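**Q** Sequence isn't available, so here's the structure alone:
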């Protein structure tokens, strides 16, 4: 039984799924049912060290950089409308393959061209993030953030982080003004 | 005061809450505001979950529409009394017959209680039907979210979105039903008042007029979905009267104001046919012997049940007077959404009966009263 987290809540992935080595972090939302431009949500991952900054520029995983240098974090591709059941975007993380200096993976979601399209998370229905054990496809934890999202256009959904010898997942649900660029810069990415 | 933008939400005080929708009216494009009470799947359970101009109290009056005029709609929601099956109440605005898009509505604002206001930016909006916002359950309480999304296709996709059955004929024009009793549309033995000839004055041919009989007949609709325009229709005939002595009033079945032939107002409703299928329809009699006492009589019809589609009712008012050709007025005009039609005015023109075809449509008694300067006070009644 998956654990449903509320904002700020956390769960030990290692304890919930002993022997866990690979996870799928899934992101989903409902496609727009009303008329107008589709909601195109993009998942990004910041692979950060102790200081909360990316280890290097290739540690920023997004639609233009789908894989970390060592292959431990891999974005499965862009879904542009939220169509389909289940996850709309997925990131596969080989926990056992993460370098020792990786302290935290920050999963963020931004709305593509939010400003031009006058869109925000409050208009998107049933957005969620979930962590699935890749070995058996079982959901370990889920965070439905419909209520914590409002007028933001960029949002940190959750974090996977090391805690002693465990991997934990924390539901963040923290909005971030300005979209992907300032979000990336805040995590130490040099945007050219 | 919390100002919300589309996508934003805020908690709503439980209990009774006023929701006010005000907007700049668009010339020649009526805006209808409605409330949809929705279950878990975001759908209505039935017709009784919709609150709009034609059904202003639903769910045991837990949702009421207390005002619906050009530029303003007000709902009173008693959230504590909403049954647990209702997850949210969506408030919508639609532009009648998609005559304009919301881009034309310069100001569109929703306020919830005293604390929340959401101004909806309408610039560039191609939608003709909008979900303005929704009041929804959250944890133990209620919240309001400004939605401001909708459909360019208008009421139909909006209604479908909420699970309301929409008859296929709503968009296309249904074939006209045969006229009642197989009458030809122009009866040579009658005087038909239409747009080109809208008035006739009948002088006394004898000492008085005898009994003036006003008949309303119409085509009975068939049942269908809520928004279908061919639901069984109950047309009621009635009149406003004004006597020479200044006495004013109404004769109609609603409120049991059947009138009296022998005494004031000398006008009587002869019974109510609620289906129109009975030959003869509804009859309103005016005592012509007392015509000298009467200043004017405004004959109207209103739709007590069923969605208004006046053309489809194919209603005919026939005024029979002894020794006079029958005078016929057909309700063959687009009446829009209004449930009330002022059909004909009978005026005492120096003792003669001057009959003028009106066939204009009104939101209700009080609106029609105002339009014709009757000056009575109105309150809601039921049959």
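**A** Received, thanks. All values derive from a computational prediction rather than experimental measurement.
**Q** which residues in chain A form helices?
**A** For chain A, the helices defined by DSSP state H cover A:13-16, A:114-117, A:180-186.
**Q** again, but for chain B
**A** Ranges of helices in chain B, per DSSP H, are B:155-161, B:310-313, B:365-371.
**Q** and of the helices of chain A, who's closest to residue B:4?
**A** Closest to residue B:4 of the helices of chain A is helix A:114-117 (CB to CB; 17.2 Å). (Glycine included, C-beta is placed from N, CA and C.)
**Q** who's in contact with the closest one?
**A** For helix A:114-117, the surrounding residues in contact (CB atoms under 8 Å, 6 or more residues apart in numbering or on different chains) are A:36-37, A:111, A:120, A:153-154, A:179.
**Q** before we move on, back to that, comparing the helices of chain B, which yields the minimum mean pLDDT?
**A** Ranked by mean pLDDT, the helices of chain B bottom out at helix B:310-313, with a mean of 72.
**Q** Reformat the contacts of helix A:114-117 as a markdown table; add distance to residue A:90.
**A** Formatted as a markdown table, those follow (distance: CB to CB, whole Å):
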| residue | distance to residue A:90 |
| --- | --- |
| A:36 | 26 |
| A:37 | 24 |
| A:111 | 18 |
| A:120 | 23 |
| A:153 | 22 |
| A:154 | 19 |
| A:179 | 22 |
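**Q** now the residues you listed: which count as buried?
**A** By neighbour count, with 16 or more other CB atoms under 10 Å in any protein chain shown, the contacts of helix A:114-117 hold A:36, A:111, A:120, A:153-154, A:179 as buried.
**Q** From the centre of the chain outward, give me the first residue you hit.
**A** Because you didn't say which chain, this covers chain A. residue A:107 (2.8 Å; CA atoms, centre = their mean).
**Q** The intended chain is chain B.
**A** residue B:339 (2.3 Å).
**Q** follow-up on the earlier one: among the helices of chain A, which gets the worst mean confidence?
**A** Among the helices of chain A, helix A:114-117 carries the lowest mean pLDDT, a mean of 86.
**Q** Might you report the residue contacts of residue B:144?
**A** So residue B:144 contacts B:4, B:9-12, B:112, B:116, B:118, B:133-136 (CB under 8 Å, 6+ apart).
**Q** just to revisit the earlier point, what subset of the contacts of helix A:114-117 is also close to chain B?
**A** A:36, A:120 (CB under 8 Å from any CB of the partner chain).
**Q** Spell out which residues make up each domain of chain B.
**A** B:2-164, B:180-371 (automatic domain parsing).
**Q** Mind checking those domains for the one nearest to residue A:54?
**A** If you check each of the domains of chain B against residue A:54 by CB to CB, domain B:2-164 wins as the nearest, at 29.3 Å.
**Q** Can you get me the start-to-end distance on that closest one?
**A** 32 Å (CA to CA, to the nearest Å).
**Q** Let me see the confidence value for the residue of chain B found nearest chain A.
**A** Nearest residue of chain B to chain A (CB to the nearest CB) works out as residue B:7 at 2.7 Å. In this model, residue B:7 is scored at 90, pLDDT.
**Q** Look at residue 92 and say how many residues are nearby.
**A** No chain was given, so I picked chain A. Each residue near residue A:92 was counted by other CB atoms under 10 Å in any protein chain shown, and the total is 18.
**Q** hmm, I had chain B in mind actually
**A** Other residues within reach of residue B:92 by the criterion other CB under 10 Å amount to 26.
**Q** and it, bridged to which residues?
**A** residue B:34, residue B:131 (DSSP bridges).
**Q** From what I see, it and residue B:37 are in contact.
**A** No: distance between residue B:92 and residue B:37: 12.0 Å, which falls outside the contact criterion (CB atoms under 8 Å).
**Q** related to what we said a few turns ago, got JSON lines for the helices of chain A, with distance to residue A:6 too?
**A** Listed next are the helices of chain A as JSON lines, based on distance: least, CB to CB, whole Å:
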{"stretch": "helix A:13-16", "distance to residue A:6": "17"}
{"stretch": "helix A:114-117", "distance to residue A:6": "25"}
{"stretch": "helix A:180-186", "distance to residue A:6": "22"}
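**Q** Next up, the contacts around the closest residue to residue B:114 other than its chain neighbours.
**A** When the adjacent residues along the chain are set aside, residue B:114 lies closest to residue B:1, with 7.9 Å between them (CB to CB, 6 or more residues apart in numbering or on different chains). Counting by CB under 8 Å, 6+ apart, residue B:1 touches B:114-117.
**Q** what separates residue A:153 from residue A:117, distance-wise?
**A** Counting by CB to CB, to the nearest Å, the separation of residue A:153 from residue A:117 is 10 Å.
**Q** Quick check: neighbours shared by the two?
**A** With CB under 8 Å, 6+ apart as the test, residue A:153 and residue A:117 both reach residue A:111.
**Q** where exactly do the strands run in chain A?
**A** A:3-5, A:10-12, A:22-28, A:41-48, A:60-61, A:73-75, A:89-94, A:104-111, A:128-133, A:138-144, A:154-163, A:166-176 (DSSP state E).
**Q** Actually, the stretch 51-200 of chain B.
**A** B:57-58, B:63-69, B:72-78, B:88-95, B:108-112, B:116-119, B:129-138, B:141-151, B:191-193, B:199-202 (DSSP state E, counting those that start in this stretch).
**Q** what's the third one packed up against?
**A** Spelled out, that is strand B:72-78. For strand B:72-78, the packing partners by 3 or more CB pairs under 8 Å, 6 or more residues apart in numbering or on different chains; DSSP states H and E come out as strand B:16-23, strand B:31-38, strand B:63-69, strand B:88-95.
**Q** With respect to residue A:20, which of those lies nearest?
**A** Closest among the helices and strands packed on strand B:72-78, using CB to CB: strand B:88-95, at 38.2 Å.
**Q** Please pull out the lowest mean pLDDT helix or strand from chain A.
**A** None of the helices or strands of chain A scores lower by mean pLDDT, DSSP states H and E than helix A:114-117, at a mean of 86.
**Q** do you know how far residue A:123 is from residue B:131?
**A** Applying CB to CB, the value for residue A:123 to residue B:131 is 11 Å.
**Q** anything in contact with each of those two?
**A** Residues touching both residue A:123 and residue B:131 (CB under 8 Å, 6+ apart): B:147-149.
**Q** Could you dump those residues into a markdown table with neighbour count and distance to chain A added?
**A** Formatted as a markdown table, these follow (neighbours: other CB atoms under 10 Å in any protein chain shown; distance: CB to the nearest CB, whole Å):
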| residue | neighbour count | distance to chain A |
| --- | --- | --- |
| B:147 | 23 | 7 |
| B:148 | 28 | 8 |
| B:149 | 19 | 4 |
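**Q** Around chain A, which positions in the stretch 101-250 of chain B sit nearby?
**A** Contact residues, the stretch 101-250 of chain B versus chain A (CB under 8 Å from any CB): B:121, B:126-127, B:131, B:138, B:143, B:145-153, B:157, B:161.
**Q** And those, which of them are buried?
**A** Taking 16+ other CB under 10 Å as the criterion, what is buried in these is B:127, B:131, B:138, B:143, B:145-152, B:157, B:161.
**Q** Which two among the residues you listed are spaced furthest apart?
**A** For those, the maximum inter-member distance is 30.2 Å, found between B:138 and B:152 (CB to CB).
**Q** what separates residue B:38 from residue B:89, distance-wise?
**A** Taking CB to CB, one finds residue B:38 at 7 Å from residue B:89.
**Q** Name the residues contacting each of the two.
**A** residue B:134.
**Q** Which one of those two is surrounded by more residues?
**A** Set residue B:38 next to residue B:89 and count neighbours by other CB under 10 Å: residue B:89 wins out with 27 against 21.
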